[in-house]
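Participant: kindly generate the corresponding structure for this input.
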Amino acid sequence: MSLQSSLIDKIQKLKREKRAIILAHNYQRPEVQDIADFVGDSLELSLYAMQTDARTIVFCGVNFMAETAVILNPDKKVLIPDINALCPMASMLPADLMKLYRRKYPKAKIVLYINSLAEAKAYSDAICTSANATEVVDQIDSEVVLFGPDINLARYVQMKSSKKIIPIPQYGFCPVHKLFSKREVLRLKQIYPDAEVMAHPECDPEVWEVADFIGSTSKMYARTLTSRANKFIVATEIGILHRLKKGRNDATFIPAYEEAICVNMRLHTLEKVYLCLKDEKYEVKIPEKIVAKGREPIEFMFKIQKYKK
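Facilitator: Here you go, the predicted structure:
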């Protein structure tokens, strides 16, 4: 038996003993996705966690995702295999900066991308995803909306909304999605002229211009299942390709940039998942006050989207 097979067997045994589930984001290593009970984007994972009767959740993603799971599942133990799996973009908008914007724009409402820290969510009026950002902004009771932490998603919302969108902070971005360029996508289109280009809204606007489809990772997955295309050029973290290939094994998926890797997402390994379950570390904890305040803006989104909880 290989080391990997042995680890998988041990993980499965511990899951049964501890009534645990493993959730993995679309950007995780292929072997981590394969061992997971559910694979999806950050919101899908948290919603799945809300519907399970498991006592323990092993969250293979970055910190803000595990925090969101805690906010939505305060009665469950949420573990993260590597405590150093941090999101650089979420860290660009800490609580102190949120307080500053609240003072500077006292009449404006704040809509935060779910890719934000729990401490920041607690100072917001609504949370959104890349799939419903415009809808949430349009439903908020304010003509001026502060939106963060991703400036590109703020720009994308501004294109579709009549409200005034003020990005907070002015420099918020995802380092991985900054790697994609219009020039490279066009070069790949010359090589694969019949390929459909899919881009994440965290990409720069120049990439949107040459995309056939713009959407979140979950929307990309859904798109490939309904599209007639047999080739796709994908502008997001390359971990998604594993899931896309499993869903459409008849299609070819071309990364828009082969080195588009989130090193923080890749910190989780099978060995760390095993140790996480075995020793029940590292538990993600959030002060009760932040959990309560952070849940309110998420509930606002739920009311709009009518998510089945």
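
Participant: from the chain's centre, how far out does stretch 117-130 sit?
Facilitator: With C-alpha atoms, centre = their mean, to the nearest Å as the basis, the distance from the averaged C-alpha position of stretch 117-130 to the chain average is 13 Å.

Participant: for the record, mean pLDDT for it?
Facilitator: On average, the pLDDT along stretch 117-130 is 96.

Participant: got the end-to-end distance for it?
Facilitator: Terminal residues of stretch 117-130 lie 16 Å apart, using C-alpha to C-alpha, to the nearest Å.

Participant: surely residue 28 meets residue 239?
Facilitator: Yes. The pair residue 28 and residue 239 passes the contact test of C-beta atoms under 8 Å, sitting 5.8 Å apart. The way it works is simple: take the backbone N, C-alpha and C, and place the C-beta from them, glycine included.

Participant: which residue ranges of the stretch 1-150 of the chain form strands?
Facilitator: Using DSSP state E, counting those that start in this stretch, the strands of the stretch 1-150 of the chain run over 20-25, 38-40, 56-60, 77-79, 109-113, 126-128, 144-148.

Participant: could I get the ones you listed as CSV with mean neighbour count and distance to residue 49?
Facilitator: Formatted as CSV, the strands of the stretch 1-150 of the chain follow (neighbours: other C-beta atoms under 10 Å; distance: least, C-beta to C-beta, whole Å):
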stretch, mean neighbour count, distance to residue 49
strand 20-25, 25, 6
strand 38-40, 21, 9
strand 56-60, 27, 5
strand 77-79, 22, 8
strand 109-113, 26, 19
strand 126-128, 27, 16
strand 144-148, 24, 25
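
Participant: in TSV, list those along with distance to residue 88.
Facilitator: Written out in TSV, the entries for the strands of the stretch 1-150 of the chain read as follows (distance: least, C-beta to C-beta, whole Å):
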stretch	distance to residue 88
strand 20-25	15
strand 38-40	22
strand 56-60	18
strand 77-79	21
strand 109-113	14
strand 126-128	19
strand 144-148	14
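
Participant: residue 97 contacts residue 169, doesn't it?
Facilitator: Yes. The pair residue 97 and residue 169 passes the contact test of C-beta under 8 Å, sitting 6.4 Å apart.

Participant: so for residue 101, which of the strands of the stretch 1-150 of the chain sits nearest?
Facilitator: strand 144-148 (5.6 Å; C-beta to C-beta).

Participant: packing partners of the next helix-or-strand element following the closest one?
Facilitator: Later in the chain than strand 144-148, the nearest helix or strand by DSSP states H and E is helix 151-160. With contacts defined as 3 or more C-beta pairs under 8 Å, 6 or more residues apart in numbering; DSSP states H and E, helix 151-160 has these neighbours: helix 133-139, strand 144-148, strand 164-167, helix 205-208.

Participant: now with 7 Å?
Facilitator: helix 133-139, strand 144-148, strand 164-167 (3 or more C-beta pairs under 7 Å, 6 or more residues apart in numbering; DSSP states H and E).

Participant: CA atoms of it as CSV?
Facilitator: Listed in CSV are the C-alpha atoms of helix 151-160, where the atom choice follows Å, rounded to 0.1, in the frame of the first residue of the first chain:
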residue,chain,number,x,y,z
ILE,A,151,-11.1,46.6,-6.6
ASN,A,152,-11.7,44.6,-9.8
LEU,A,153,-14.9,43.1,-8.4
ALA,A,154,-15.9,46.7,-7.4
ARG,A,155,-15.2,47.8,-11.0
TYR,A,156,-17.3,44.9,-12.3
VAL,A,157,-20.2,45.9,-10.1
GLN,A,158,-19.9,49.6,-11.1
MET,A,159,-20.2,48.5,-14.8
LYS,A,160,-23.6,46.9,-14.0
